[in-house]
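Chemist: sequence and predicted structure are below.
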Amino acid sequence: MTQSEDASRIRVIPLPQLWAIARNLALNLYRDLGFNNMAQAQPRCGFSQVRY
């Protein structure tokens, strides 16, 4: 749950599937950069969670 999947309010088809593809792409990019821990990869790559 490093990308706030549970907090997502996207419910209209096909958006949930498209966001899942985007999240998987991001995770694969982190893996390609050599990260094993995705929670640590996000802030180190300059991406952080925006909390409202």
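Modeler: Alright, I've got the coordinates. Numbering: from 1, shown residues only.

Chemist: pull out the buried residues from the helix or strand bottoming out on mean pLDDT in the chain.
Modeler: Lowest by mean pLDDT, DSSP states H and E among the helices and strands of the chain is helix 38-44, with a mean of 78. Of all the residues in helix 38-44, those buried under the rule 16 or more other C-beta atoms under 10 Å are 41, 42. Where C-beta positions appear, they are placed from N, C-alpha and C, glycine not excepted.

Chemist: phi, psi of residue 12?
Modeler: Dihedral angles of residue 12 (phi, psi; degrees, to the nearest 10) stand at phi -80, psi 130.

Chemist: tally of neighbours for it?
Modeler: Other residues near residue 12 number 6, with proximity taken as other C-beta atoms under 10 Å.

Chemist: same question, residue 31
Modeler: 12.

Chemist: try residue 45
Modeler: Count around residue 45 with other C-beta under 10 Å applied: 13.

Chemist: in the protein, which spans are strands?
Modeler: Using DSSP state E, no strands are found in the chain.

Chemist: quick revisit: ok now the least confident helix or strand of the chain, how far from the chain's centre?
Modeler: Distance, stretch centre to chain centre, for helix 38-44: 10 Å (C-alpha atoms, centre = their mean, to the nearest Å).

Chemist: stretch 39-49 now?
Modeler: With C-alpha atoms, centre = their mean, you get 10 Å for stretch 39-49.

Chemist: which stretches of this structure have low pLDDT?
Modeler: Across the chain, the ranges flagged by pLDDT under 70 are 1-8, 47-52.

Chemist: please enumerate the helices of it.
Modeler: Using DSSP state H, the helices of the chain run over 15-32, 38-44.

Chemist: how many neighbours does residue 33 have?
Modeler: Using other C-beta under 10 Å: residue 33 sits among 10 other residues.

Chemist: isn't it up against residue 45?
Modeler: Yes - between residue 33 and residue 45 there is a contact at 7.3 Å, judged by C-beta atoms under 8 Å.

Chemist: got any residues that touch both of these two?
Modeler: With contacts taken as C-beta atoms under 8 Å, 6 or more residues apart in numbering, residue 33 and residue 45 have no neighbour in common.
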